[in-house]
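>>> Sequence plus predicted model, see below.
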Amino acid sequence: MKDTIFYVGGGKGGVGKSMISLTLVQYLIDKYGDTKTIHLIETDESNPDVGRVYKGKIPMTTAILDSDEKGWILMSSLIEQSHDTLFVINSAARSNMGIKKNGRNFTAILESGAVPYNLITLWPINRQKDSVALLEDFLNYVAFGSVYPVRNCYFGESDDFTLYAKYVNESKFLRSRISGILDFPALSDIIADAFYTGGRTIPETVDILGAFAGQSFLSWRNQVCAMFDSIGEFEVGVGVNSNADSHENDNGDE
């Protein structure tokens, strides 16, 4: 896979940015960890929940992407000097102001090839209109790369996201920029507490769960992997996709 920056946005708290970043990092480790460096950029200094989970396990940099250019310069210099690396940016809600001030410059260096990276934006949404309005604001300043709104099914089935569908259907601009829509599967609160609230990676969480909860968690993880696979920008047949035990027992068969 080409060196890529994965920007996990959302523009506000409570839409599932950290959960998606956690699963994306593990997906990339499982799939490309033998061939590429997986580097987390944690932008939330006050509550670095993803950073806490992966501290000491993969390279991690804290960069505050607010309106001050300092964090953007730090991040861009790091990316420019790196090779064979996949970056995951776990954005904070307050990054909105930084995007407005620095997003166009960041887009320009990516478009010019000065920083030879692809950009994939994952934008988790709930069922409220402002999730999509914030995405439109983001795209006014970041005009590069693929963009995937992620319907977080914790908030309901995909068919329940009617405000998203209405807003996008009414916006020619959004339709022209969105590469596809993804559905992030819901996870039982009991298991989510052990995983997310417990500050553990997916493998660490499996180790502490009982047999049924552990199998349910693995089945959920496989749905998440299938969601990432559906983006169509990852090689097939490497890493997690060729690991037999990563998809075993999905339907109860041995």
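Arrived safely, thanks for sending. Numbering: from 1, shown residues only.
>>> tell me which element the residue nearest to Leu182 when sequence neighbours are not counted is part of?
Leaving aside its chain neighbours, Leu182 sits nearest to Val150 (4.6 Å; criterion: CB to CB, 6 or more residues apart in numbering). (Each C-beta comes from the backbone N, C-alpha and C, glycine too.) Per DSSP states H and E, Val150 falls inside strand 146-152.
>>> hmm, back to that, would you confirm that the residue nearest to Leu182 contacts Ile120?
No: in this structure Val150 lies outside contact range of Ile120 using CB atoms under 8 Å: 11.5 Å.
>>> one step back: give me the distance between the residue nearest to Leu182 and Leu163.
15 Å (CB to CB, to the nearest Å).
>>> out of the two, which sits in the busier spot?
Val150 (22 against 17; other CB atoms under 10 Å).
>>> Ile109: what's it in contact with?
If you count contacts by CB atoms under 8 Å, 6 or more residues apart in numbering, Ile109 has them with Ser76, Val115.
>>> and it, that's in a strand?
No: counting by DSSP: H, G, I helix; E, B strand; the rest coil, Ile109 falls outside a strand, being helix.
>>> now it: how far from Met75?
Ile109 sits 11 Å away from Met75, taking CB to CB as the criterion.
>>> cool, and Asp49?
19 Å.
>>> These two: who's more crowded?
A count of neighbours by other CB under 10 Å puts Met75 above the other of Asp49 and Met75, at 22 against 17.
>>> where does that one sit relative to Asp34, distance-wise?
Distance, Met75 to Asp34, by CB to CB: 25 Å.
>>> Run a quick neighbour tally on Ala114.
Ala114 has 10 neighbouring residues, counting by other CB under 10 Å.
>>> cool, and Pro203?
Based on other CB under 10 Å, the number of other residues close to Pro203 is 11.
>>> Ala211 - how many residues pack around it?
As a burial measure, Ala211 scores 7 neighbours (other CB under 10 Å).
>>> what does the model give it for pLDDT?
For Ala211, the model assigns a pLDDT of 96.
>>> Please apply the same query to the one 4 residues further on.
On pLDDT, Gln215 comes in at 96.
>>> Pretty sure it sits in a helix.
Yes: counting by three-state DSSP, Gln215 falls inside a helix.
>>> Where does the prediction get shaky in the stretch 51-200 of the chain?
Judged against pLDDT under 70, the stretch 51-200 of the chain has no low-scoring part.
>>> now do 90
66-68, 92-97, 129, 196-199 (pLDDT under 90).
>>> Please, where are all the helices along it?
Ranges of helices within the stretch 51-200 of the chain are 69-81, 95-112, 129-141, 162-169, 172-177, 189-192, based on DSSP state H, counting those that start in this stretch.
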